[in-house]
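Asks: attaching a predicted model along with its sequence, questions to come.
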Amino acid sequence: MQTSIFYIALAALLTLNLLLLLTIYTTVIKLWPTPGKGSWQKYVFWPLFRGGLGLTLLFSALNFKPHLDPNWELLIVGVPLMLIGLAVTVYGYFDLGIENTYGSDQGLVTSGLYAYSRNPQYVASIAAFAGVAISVHTGPVALLCGLAILVYSLLPLAEEPWLNKIYGDEFAVYRTRTPRFLSITQILSAPRM
């Protein structure tokens, strides 16, 4: 059972990463953001995305056995990273709005978390998957989490041309003042409440 989960997740993530690379570097395929209901992109992207990432988390949970190998140093780093990443990702849904999170064009959000990163949900998801890989600390989990992190690293590159087309000058200004992923100096220089 676990072997099947691993190989299905691996196939989904490899396929998704390949299609995202084709989206970024060619004009042959434009997978993300999906054009909307009824598009082939919607029927390809979401099953690969949700299936690959969901099965990665399931496989990781099935392989998380701290009672057999209590590597406390890794757990102390990995578990908080995973939980904070998950919490920020969920918070980002409310900051950006559910429709925009799923590729809609309901307005460019530049405040809240989006004042510090153009992609805070992706940054948080990368942190969460890194935390999972650190906590579980097995080769197969690290491989799947690495491919999940690659997905979240490629998504902004795939969607930036679309954002530029939809929001034009507004996105260009936002892009010049806000980092794609994260700027520690910008966070440290943020005004205190």
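Replies: Looks like it arrived, so ask away.

Asks: in the chain, which helix is the longest?
Replies: Of all segments of type helix in the chain, defined using DSSP state H, the longest is helix 139-177.

Asks: buried residues, it. List them.
Replies: For helix 139-177, the neighbour count (16 or more other Cβ atoms under 10 Å) marks 140-145, 147-156, 158-160, 162-163, 167, 171, 174 as buried. For the C-beta atoms, the positions are set from N, CA and C on the backbone; glycine is no exception.

Asks: return the list of helices and strands in contact with it.
Replies: helix 2-25, helix 40-63, helix 120-136 (3 or more Cβ pairs under 8 Å, 6 or more residues apart in numbering; DSSP states H and E).

Asks: format those helices as a markdown table; extra columns: mean pLDDT.
Replies: Listed next are the helices and strands packed on helix 139-177 as a markdown table, based on pLDDT from 0 to 100:
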| stretch | mean pLDDT |
| --- | --- |
| helix 2-25 | 97 |
| helix 40-63 | 96 |
| helix 120-136 | 96 |
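
Asks: switch these over to a markdown table; also include distance to residue 91 and mean neighbour count.
Replies: Listed next are those as a markdown table, based on distance: least, Cβ to Cβ, whole Å; neighbours: other Cβ atoms under 10 Å:
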| stretch | distance to residue 91 | mean neighbour count |
| --- | --- | --- |
| helix 2-25 | 25 | 17 |
| helix 40-63 | 18 | 18 |
| helix 120-136 | 8 | 23 |
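
Asks: can you put the ones you listed in JSON lines and add distance to residue 181?
Replies: Output for those, formatted as JSON lines (distance: least, Cβ to Cβ, whole Å):
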{"stretch": "helix 2-25", "distance to residue 181": "16"}
{"stretch": "helix 40-63", "distance to residue 181": "19"}
{"stretch": "helix 120-136", "distance to residue 181": "5"}
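
Asks: thanks a lot, catch you later.
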